[in-house]
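In: Got a sequence here, can you build the structure:
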Amino acid sequence: MDRLRAFEVFVTVVSRGGFARAAEVLGTSPANVTRYVNELEAHLGTRLLNRTSRTLSLTEGGETLYARCKSILDDVADTEGLVSSASVQPRGRLRINAPVSFGIQYLAPLWPEFMRKYPGIEIDVGLIDRVVDIVDEGYDLAIRISRAGSSNHAARKLATSQNILCASPDYLARAGVPATPADLMEHRCIGYTYAATGDEWQLIDAGRKTHTVKVDCHLHTNNGDTARAAALAGQGVIWQPTFLIGNDRRAGTLVRVLPEYCLPEIDILAIYPSRRHLSARVRVMIDFLVDAFGGTPPWDRDDESRTAVTSRAS
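Out: Predicted coordinates for the structure are as follows:
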């Protein structure tokens, strides 16, 4: 039995959800596909698939083998790519993790172009706001928004985003415009669960002095879009990155408060395991994203003062 071919057949059956579909992809007959899977099960001495006339599911052993076989086949594709001509396109599966809001607003529009450029790469995108362990959870690449970067993995900077304080015009009309950081203690604020400093907001003045304010957050959320929606509805002041609220500022539906104070900037990073060989799939994806976000990022273009509100404007 050609085990590498058997692995390829098995993975294709699982990914395509059936023997007939796998046969179409592989350019062979369903009977031949069935033979490979049967021989693989016999060789391993265990059932890999639960099969009925209508459904196909993996056994526990099948799940383990599928994950390993997928990795093996991807490594084979990478190895072939290293020694073949430069005209050969990278191929295989690429698992990417990204924050929810950033992934929807800025990454999702890029995937069609990437897939047209690299049709041999299968993208599997998982959106979640918590920081994942990319090795333990099986990701090839993570897009991370961070001030600290990553001490455990390699990283490449894609862009930078400012952090700013904003509120809706109707909220500021009701509650007044903060003139100093201390004034924030008298305002309703909207907190982000994963913020490094929690409800202690740190603002830096022109003399580089840091002002730490313990704010009253009547709403906490682990999702930036939820915080944004609350602010748009007039529920208080938010601290959010410009990639999330840049369009709202330009539209005037959210306006900046305390613009004479700055907040720590954050980097948009591509994180990947440093202990593993950088595959062709990961390399072309990182290069693609660097090109896409080159120069002034879209969220900070046409930035500035026309939407800022200061105490003198009240």
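
In: Strands of the stretch 1-150 of the chain, start to end?
Out: Under the criterion DSSP state E, counting those that start in this stretch, the stretch 1-150 of the chain carries strands at the ranges 49-51, 56-58, 92-98, 121-127, 141-146.

In: Quick one: closest of the ones you listed to Ala67.
Out: Of all these, strand 56-58 sits nearest to Ala67, with 9.9 Å by Cβ to Cβ. Every residue, glycine included, has its C-beta placed from N, CA and C.

In: which of the residues in the closest one are buried?
Out: The neighbour-count check on strand 56-58 (16 or more other Cβ atoms under 10 Å) flags Leu58 as buried.

In: which residues touch it?
Out: Applying Cβ atoms under 8 Å, 6 or more residues apart in numbering, the contact partners of strand 56-58 are 13-14, 17-18, 48-50, 66.

In: again, but for stretch 138-145
Out: For stretch 138-145, using Cβ under 8 Å, 6+ apart, the contacting residues are 67, 94-99, 102-103, 107, 126, 131-132, 134, 150, 155, 158, 161, 241, 266-273, 279, 281-282, 285-286, 289.

In: Kindly recompute the last result at 6 Å.
Out: Contact with stretch 138-145 is made by 94-99, 134, 266, 268-269, 271-272, 282, as judged by Cβ atoms under 6 Å, 6 or more residues apart in numbering.

In: Could I get the residues you listed in CSV, plus columns for neighbour count?
Out: As requested, those are exported to CSV (neighbours: other Cβ atoms under 10 Å):
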residue, neighbour count
Leu94, 23
Arg95, 19
Ile96, 22
Asn97, 24
Ala98, 25
Pro99, 24
Ile134, 21
Ile266, 19
Ile268, 23
Leu269, 21
Ile271, 22
Tyr272, 23
Val282, 22
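
In: Out of those residues, which one has the weakest pLDDT?
Out: In terms of pLDDT, Ile134 ranks lowest among the contacts of stretch 138-145, with 83.

In: where does the closest residue to that one other than its chain neighbours land on pLDDT?
Out: In this structure, Ile134 finds its nearest non-sequential neighbour in Ala142, 4.9 Å apart by Cβ to Cβ, 6 or more residues apart in numbering. What the model reports as pLDDT for Ala142 is 93.

In: same deal with the one 3 residues further on?
Out: Here the pLDDT value assigned to Ile145 is 88.

In: how much space is there between it and Asp129?
Out: Going from Ile145 to Asp129 by Cβ to Cβ, to the nearest Å gives 9 Å.

In: In this structure, what helix or strand scores lowest on average pLDDT?
Out: In the chain, no helix or strand scores lower on mean pLDDT, DSSP states H and E than helix 60-83, which sits at a mean of 79.

In: Could you export that one as PDB, CA atoms only?
Out: This file holds the C-alpha atoms of helix 60-83, laid out as PDB (Å, rounded to 0.1, in the frame of the first residue of the first chain):
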ATOM      1  CA  GLU A  60     -11.900   9.100  17.600                       C
ATOM      2  CA  GLY A  61      -9.000   7.400  15.900                       C
ATOM      3  CA  GLY A  62     -10.000   8.900  12.600                       C
ATOM      4  CA  GLU A  63     -10.000  12.400  14.100                       C
ATOM      5  CA  THR A  64      -6.500  12.000  15.300                       C
ATOM      6  CA  LEU A  65      -5.200  10.500  12.000                       C
ATOM      7  CA  TYR A  66      -7.000  13.200  10.000                       C
ATOM      8  CA  ALA A  67      -5.200  16.000  11.900                       C
ATOM      9  CA  ARG A  68      -1.800  14.400  11.500                       C
ATOM     10  CA  CYS A  69      -2.300  13.400   7.900                       C
ATOM     11  CA  LYS A  70      -3.300  16.900   7.000                       C
ATOM     12  CA  SER A  71      -0.100  18.200   8.600                       C
ATOM     13  CA  ILE A  72       2.000  15.600   6.800                       C
ATOM     14  CA  LEU A  73       0.500  16.400   3.400                       C
ATOM     15  CA  ASP A  74       1.000  20.100   4.000                       C
ATOM     16  CA  ASP A  75       4.600  19.600   4.900                       C
ATOM     17  CA  VAL A  76       5.100  17.500   1.800                       C
ATOM     18  CA  ALA A  77       3.600  20.300  -0.300                       C
ATOM     19  CA  ASP A  78       5.900  22.800   1.300                       C
ATOM     20  CA  THR A  79       9.000  20.600   0.700                       C
ATOM     21  CA  GLU A  80       8.000  20.200  -2.900                       C
ATOM     22  CA  GLY A  81       7.600  23.900  -3.200                       C
ATOM     23  CA  LEU A  82      11.200  24.500  -1.800                       C
ATOM     24  CA  VAL A  83      12.900  22.400  -4.500                       C
END
